[in-house]
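1. Just to be clear, the model below is a prediction. Sequence and coordinates:
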Amino acid sequence: MGFEIYLAKGVMMMSGFFITLEGGEGAGKTTIANELIQKLSELGIETLYTREPGGIKIAEQIREVILDRENTEMDSRTEALLYAAARRQHLVEKVKPAMDAGKIVLCDRFVDSSIVYQGYARGIGMDEVREINQFAIEGFMPDMTIFFDIKPEDGLARIAANSGREVNRLDLEGLEFHQLVYEGYKIQANLFSERIVTVDATQSIQAVTNEICQLILEKLGK
């Protein structure tokens, strides 16, 4: 991985660059992603945006099962396995082909979400969920991860104030669960500080967008 030029069968090729956005509910990832795509495009950097779980037909179908508000009886390990299954299909069908074509891919959530939500907040174990996902991703990791740092109380308040936002099964969890998610992300950010960059998500949309755009440009060497 990485934005590098290499030779294959005598042909000059460029590998892609994989950026993931992570954070708790109401962190603003989707809003900022849309702003980023437009801003990067204006700078002449075309970026493919996608999301997890979802991004392609099979993964979107799995997403519906995972986030269905009626599926309250879902076991935590079942949930973790479903995320891993959706991730695998999305990776091989959309992300890797785009990377092979030399594209920059911006993905709303990836493996860190499972490690935090199911591993830490659900109590399965971060290492256990990491192992489940290694089978799915075969060592494929982001070149750069942006952690949207916002306290769960503030994120949930944003959701409550946004009547047009989809309310899913995870949104209905209690504050204690979301606090564990926040703690989990802090742990991940400390463990993998060379990959995960923390951004203050309480700032304005423009400020967060500008900061992340600058981080991306620096990482790409532009």
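-> On my side now, so go ahead.

2. where does residue 160 land on pLDDT?
-> For residue 160, the pLDDT comes out at 87.

3. From residue 61, how far off is it?
-> 29 Å (C-beta to C-beta, to the nearest Å). Glycine gets a C-beta too; all of them are placed from N, C-alpha and C.

4. Then residue 141?
-> 25 Å.

5. so what's the residue lying closest to residue 114 once chain neighbours are set aside up against?
-> In this structure, residue 114 finds its nearest non-sequential neighbour in residue 83, 4.9 Å apart by C-beta to C-beta, 6 or more residues apart in numbering. Each residue near residue 83 by C-beta atoms under 8 Å, 6 or more residues apart in numbering is listed here: 52-53, 66, 113-114, 118.

6. Residues touching stretch 89-101, excluding its own?
-> 1, 15-18, 48, 50, 52-56, 58-59, 62, 105, 107, 136-137, 140.

7. need the strands for this structure, in chain order.
-> In the chain, the strands defined using DSSP state E lie at 5-8, 11-14, 17-23, 47-51, 104-108, 144-149, 196-200.

8. lowest-confidence helix or strand of the protein?
-> Sorting the helices and strands of the chain by mean pLDDT, DSSP states H and E puts strand 5-8 at the bottom, at a mean of 34.

9. Show me where the protein has its helices.
-> Using DSSP state H, the helices of the chain run over residues 29-42, 57-67, 76-90, 96-100, 111-114, 126-137, 152-161, 175-191, 205-220.

10. Contacts only, for the residue nearest the centre of the chain.
-> Closest residue to the average C-alpha location of the chain: residue 109 at 1.4 Å, with C-alpha atoms, centre = their mean. Shown in contact with residue 109 (C-beta under 8 Å, 6+ apart): 20-22, 29, 51-53.

11. Poorly predicted segments of the protein, please.
-> Within the chain, the ranges that satisfy pLDDT under 70 run 1-14, 163, 222.

12. Let's see that with 50 instead.
-> The chain contains residues with pLDDT under 50 at 1-14.

13. Now residue 183: closest residue in space that isn't a chain neighbour?
-> In this structure, residue 183 finds its nearest non-sequential neighbour in residue 120, 6.9 Å apart by C-beta to C-beta, 6+ apart.

14. Is the one you found in contact with residue 182, as I believe?
-> No. Contact criterion C-beta atoms under 8 Å: residue 120 and residue 182 do not qualify, at 9.8 Å.

15. coming back round to it: what's the separation between the residue nearest to residue 183 and residue 29?
-> Taking C-beta to C-beta, one finds residue 120 at 19 Å from residue 29.

16. Just list the residues touching residue 46, thanks.
-> Contacts of residue 46 (C-beta under 8 Å, 6+ apart): 40, 103-104.

17. quick one: residue 133 and residue 82 touch, right?
-> No. The criterion here is C-beta under 8 Å, and residue 133 misses it with residue 82 at 12.0 Å.

18. Of those two, give the one with the bigger neighbour count.
-> When residue 133 and residue 82 are compared for neighbours, residue 133 comes out ahead with 24 against 18, by other C-beta atoms under 10 Å.

19. got the contact list for the more buried one?
-> Residue 133 neighbours (C-beta under 8 Å, 6+ apart): 84, 87, 111, 114-115.

20. change it to 6 Å
-> Contacts for residue 133 were tallied using C-beta atoms under 6 Å, 6 or more residues apart in numbering; they are 84, 111, 114.

21. Return a ChimeraX selection command for the buried portion of these.
-> Command for ChimeraX that selects the buried part of these, burial taken from 16 or more other C-beta atoms under 10 Å:
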select :84,111,114
